[in-house]
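Asks: from the sequence below, what's the structure:
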Amino acid sequence: MAAEPSPAGNTGLTRQARTRLGHTVLHAALLVGTFFMVMPFLWMLSTSLKMPKEIFRYPPLWIPTEFAWSNYRDTLTALPFDRFYLNSAIVSVSSTLIQVLAAALAAFAFARLRFKGRNPLFLLYLATLMIPFQVTMIPNFILISRVLDWYNTYQALIFPTSFSAFSVFLLRQFFAGLPMELDEAARMDGASTLRIWWQVILPLSGPALAALSIFSFLGSWNSFLWPLVVTASNEMRTIPVGLSAFQGEHNTAWNLLMAGSVIALVPVLAVYMVGQNWFQRGITLSGMGGR
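Replies: Alright, predicted model coming up:
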């Protein structure tokens, strides 16, 4: 008489089948999401190589009948693209360095130092995240253009975007997750507060600093509204503002606009590819901190 399969065996098979089904559904959902996220990029790349008559062809043409590499040459020669690139690089790198330095100092104070009113002050600072940029744009513009006389300068592009409550919050969460014994041991060795920040906390915070650097660089590189408001000449315009020149009131050179967008995307991809491992670790570890 054949032995009946044990209930435990059936349960194990059922659990295994459910796990496989769950993984299949998850992977299918991820593939669908990836498709919808990658499709705009592929369409941008395809359009950058099309002739104008093929852009609005129906049904849509994903692969051009003839690759118009001249679109990239025309994009680089139609506008001072090298100047736009230089401005974007100067503004993005400078803004990132200032933001990381300022946020690291403020986050260290909120996470590692004890002073009266620390938590209420931190909550008040975080509350500024709820204020839309459009609300503060006009006061900032008046300050930049009339009080400081920085209109159409690098200072106007760099400093207003170099300070962020989110950056302080991100680093504060990471710093708060580090053992306080590190500070105590350093103080016993005679280290000052600034030395603890520089030689103890910062070397251990590479992932969080890298994540913040990527966030800051991408935000500054892709910024459009503020550079549009505070610049008045091609000598000071950044890439997003410069690309808008291909959009007219009655006509848009979509092939040149997409070619310029592909060129502008290269530094962004390079920065993310270099720092993606640090970026992922920084986001994960910053979410685990807090005290």
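Asks: please report how far the nearest residue to Leu243 once chain neighbours are set aside lies from Val32.
Replies: Of all residues not flanking Leu243 in the chain, Gly260 sits nearest, at 4.8 Å (CB to CB, 6 or more residues apart in numbering). All C-beta atoms are positioned from the backbone trio N, CA, C, and that covers glycine. Remark: distance between Gly260 and Val32 (CB to CB, to the nearest Å) = 30 Å.
Asks: so between these two, which is more surrounded?
Replies: Between Gly260 and Val32, Gly260 has the larger neighbour count (other CB atoms under 10 Å), namely 28 against 10.
Asks: for that one, pull up the helix or strand it's in.
Replies: helix 254-288 (DSSP states H and E).
Asks: what pLDDT does Ser220 get?
Replies: As predicted, Ser220 sits at a pLDDT of 94.
Asks: hang on, the earlier thing: who touches the residue nearest to Leu243 in this structure?
Replies: The contact partners of Gly260, taken as CB atoms under 8 Å, 6 or more residues apart in numbering, are 75, 81, 239, 242-243, 246.
Asks: tell me how far it lies from Asp82.
Replies: 12 Å.
Asks: again, but for Ser46
Replies: 26 Å.
Asks: just Gln199 next, same as before
Replies: Applying CB to CB, the value for Gln199 to Asp82 is 40 Å.
Asks: quick one on the thing from earlier: what is the mean pLDDT for the helix holding Gly260?
Replies: If you average the pLDDT over helix 254-288, you get 78.
Asks: for the residue nearest to the spatial centre of the chain, phi and psi?
Replies: The centre of the chain sits closest to Phe215, judged by CA atoms, centre = their mean, with a distance of 3.2 Å. Note on Phe215: its backbone torsions stand at phi -60, psi -50 [degrees, to the nearest 10].
Asks: cool, and Val147?
Replies: Torsion angles, degrees, to the nearest 10, at Val147: phi -80, psi -50.
Asks: kindly list the longest helix within the protein.
Replies: As assigned by DSSP state H, the longest helix anywhere in the chain is helix 7-47.
Asks: I'd like to know which elements the following helix or strand past that helix is packed against.
Replies: As assigned by DSSP H and E, the chain's next helix or strand after helix 7-47 is helix 52-55. Helix 52-55 is packed against helix 254-288, with contacts defined by 3 or more CB pairs under 8 Å, 6 or more residues apart in numbering; DSSP states H and E.
Asks: go again using 10 Å as the cut-off
Replies: Contact analysis of helix 52-55 by 3 or more CB pairs under 10 Å, 6 or more residues apart in numbering; DSSP states H and E lists helix 7-47, helix 254-288 as its packing neighbours.
Asks: what pLDDT, on average, does the next helix-or-strand element following it get?
Replies: Next along the chain after helix 52-55, taking DSSP H and E as the criterion, comes helix 70-78. Averaging pLDDT along helix 70-78 yields 90.
Asks: also compute the angle for the next helix-or-strand element following helix 70-78 relative to helix 70-78, please.
Replies: Downstream of helix 70-78, the next assigned helix or strand under DSSP H and E is helix 81-112. Relative orientation of helix 81-112 and helix 70-78, computed by axes from the mean of the first three to the mean of the last three CA atoms, to 10 degrees: 90 degrees.
Asks: so which bits of helix 81-112 are buried?
Replies: For helix 81-112, the neighbour count (16 or more other CB atoms under 10 Å) marks 81, 83-85, 87-88, 91-96, 98-100, 103-104, 106-112 as buried.
Asks: try stretch 248-264
Replies: Going by neighbour count (16+ other CB under 10 Å), the buried part of stretch 248-264 is 253-264.
Asks: just for this protein, where's the confidence low?
Replies: Across the chain, the ranges flagged by pLDDT under 70 are 1-13, 249, 278-291.
Asks: which among the contacts of Gly260 gets closest to Thr153?
Replies: Nearest to Thr153 among those is Gly242, at 17.1 Å by CB to CB.
Asks: might one say that that closest one is in contact with Asn234?
Replies: Yes: judged on CB atoms under 10 Å, Gly242 makes contact with Asn234 at a distance of 7.1 Å.
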